[in-house]
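In: Build the 3D model from these lines:
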Amino acid sequence: MTGPDGSAAPSAALRVAGVGLAVLSGVAVALQSRINGELGVRLGDGIAAAVVSFGLGLLVLLVLVPAVPAGRRGLRRLRAALGDGSLRPWQCLGGVCGAFLVAAQGLTIGTLGVAVFTVAVVAGQSGSSLAVDRAGLGPAGRQPVTVPRLAGAVLTVVAVLIAVGDRLGDPGALVLALLPLLAGFGIAWQQAVNGRVRGAAGSALTATLVNFAVGTVALLATLAVDLLVRGVPTGAFPSEPWLYLGGPIGIVFIALAAAIVRFTGVLLLGLATIAGQVVGALALDVLLPTAASRPGFGTLFGAALTLVAVLVAAVGPPARRRRAAVRPAPVTPPEREARRPSRR
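Out: Here you go, the predicted structure:
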């Protein structure tokens, strides 16, 4: 079995481990959403909250990556890959989509809540993951749209709609949900290109640093426009330390996604992350309830159905890739003569 080059399908054990880690990263996304949403409410500006979240994450990485040997090697390999053209500059722009997701958290979760935010992200992420895998943008290469993969994507959207269906009756909330919907479309592309950066650098930490650096620059430019149009935010920086953990949590999510996407593909990674998001959002509603927390039977059933959807999509590697891995190379006539046993 080979790794990032996609010449052979990853083992079942690596796929299962990748799915498990993706579910954990999805739980981290749900927690990050709650934190960044609350920070946006306290500051009175979702863009400012996103800058704080991404900026703190970038500061952590600027200290961590040069201090780790793998991080320093990754920076050298990344520079070489950009120099010889094996990695294109546009493939380093995944952080723009991450910045948009974090900005959407700060702008909408205070009104929508984590659950409705999650369903909007899921709807965009599931469909775009199929397209990204089909186009072969991720490090695992082109992934066929098989029946289990398509069924898993559709079932995931249905499951999350069931989980939060009682909260989608407000037309105003649906209009506001367009922001996380667009953010969900960007997540699949972000995961694919970050996986490419990780493959070129040989370091998930280096890929995460690139993601946060690009995202922070994009958010600072957006904040400059926001300040010119709306003025300085009226809120104050909160004193609770946990409200500043969104950036470090984002490091965990981005690093895990960049490391395991070559084993799972973009679609399966996205579905497993979605499962973690739903379970995490449900746990937050139960353990740390807010005014919008109303977990009932539909929410519990939808969360369980989401996990089933991930299992459906994860059943076995695509048949086309399995045949390609065992199909012998064609034998040319001269080789056939050479292989023919001698009668002497």
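
In: if I pick residue 230, what's in contact with it?
Out: Counting by Cβ atoms under 8 Å, 6 or more residues apart in numbering, residue 230 touches residue 45. C-beta here means a position set from N, CA and C on the backbone, and glycine is covered the same way.

In: Distance check, it against residue 145.
Out: Computed with Cβ to Cβ, to the nearest Å, the distance linking residue 230 and residue 145 is 43 Å.

In: cool, and residue 55?
Out: 38 Å.

In: go on, residue 222?
Out: From residue 222 to residue 145 the distance is 35 Å (Cβ to Cβ).

In: ok, those two, which is more surrounded?
Out: residue 222 (16 against 13; other Cβ atoms under 10 Å).

In: How far off centre is the helix or strand where that one lies?
Out: Using DSSP states H and E, residue 222 sits in helix 204-230. Per Cα atoms, centre = their mean, to the nearest Å, the displacement of helix 204-230 from the mean C-alpha position of its chain is 17 Å.

In: buried residues in that helix?
Out: 204-216, 218-219, 222-223, 226 (16 or more other Cβ atoms under 10 Å).

In: Kindly report the same for stretch 240-259.
Out: Buried residues in stretch 240-259 (16+ other Cβ under 10 Å): 243, 245-259.

In: quick one: contacts of that stretch?
Out: Stretch 240-259 is contacted by residues 21-22, 24-25, 28-29, 31-32, 35-36, 38-39, 42, 49, 52-58, 60-61, 98, 102, 105, 191, 194-195, 197-198, 204-205, 207-208, 211-212, 269, 273 when judged by Cβ under 8 Å, 6+ apart.

In: do the same with stretch 278-286
Out: For stretch 278-286, the external contacting residues (Cβ under 8 Å, 6+ apart) are 23, 26-31, 33-34, 114-115, 118, 122, 159-160, 163, 293-295, 299-300, 302-303, 306-307.

In: so where is the stretch 151-300 of the chain shaky, pLDDT-wise?
Out: Within the stretch 151-300 of the chain, the ranges that satisfy pLDDT under 70 run 163-174, 289-296, 298-299.

In: need the helices for it, in chain order.
Out: Counting by DSSP state H, counting those that start in this stretch, the stretch 151-300 of the chain has these helices, from start to end: 171-176, 178-201, 204-230, 246-287, 297-314.

In: Which among those is found nearest to residue 154?
Out: helix 297-314 (8.2 Å; Cβ to Cβ).

In: Put the alpha carbons of the closest one into PDB.
Out: Taking C-alpha atoms only, helix 297-314 is exported to PDB below (Å, rounded to 0.1, in the frame of the first residue of the first chain):
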ATOM      1  CA  PHE A 297     -36.700  12.600  19.900                       C
ATOM      2  CA  GLY A 298     -36.200  14.100  16.400                       C
ATOM      3  CA  THR A 299     -32.800  15.400  17.300                       C
ATOM      4  CA  LEU A 300     -31.700  12.100  18.800                       C
ATOM      5  CA  PHE A 301     -33.000  10.100  15.900                       C
ATOM      6  CA  GLY A 302     -31.300  12.500  13.400                       C
ATOM      7  CA  ALA A 303     -28.000  12.200  15.100                       C
ATOM      8  CA  ALA A 304     -28.200   8.400  15.100                       C
ATOM      9  CA  LEU A 305     -29.200   8.400  11.400                       C
ATOM     10  CA  THR A 306     -26.200  10.600  10.600                       C
ATOM     11  CA  LEU A 307     -23.800   8.000  12.000                       C
ATOM     12  CA  VAL A 308     -25.600   5.300   9.900                       C
ATOM     13  CA  ALA A 309     -25.000   7.500   6.800                       C
ATOM     14  CA  VAL A 310     -21.300   7.600   7.500                       C
ATOM     15  CA  LEU A 311     -21.100   3.800   7.800                       C
ATOM     16  CA  VAL A 312     -23.000   3.500   4.500                       C
ATOM     17  CA  ALA A 313     -20.600   5.700   2.700                       C
ATOM     18  CA  ALA A 314     -17.600   4.000   4.300                       C
END
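
In: That one: how far from the chain's middle?
Out: 19 Å.

In: relative orientation of it and helix 246-287 in degrees?
Out: 130 degrees (axes from the mean of the first three to the mean of the last three Cα atoms, to 10 degrees).

In: now for helix 297-314, which elements pack on it?
Out: On a contact count with 3 or more Cβ pairs under 8 Å, 6 or more residues apart in numbering; DSSP states H and E, helix 297-314 meets helix 12-43, helix 147-164, helix 246-287.
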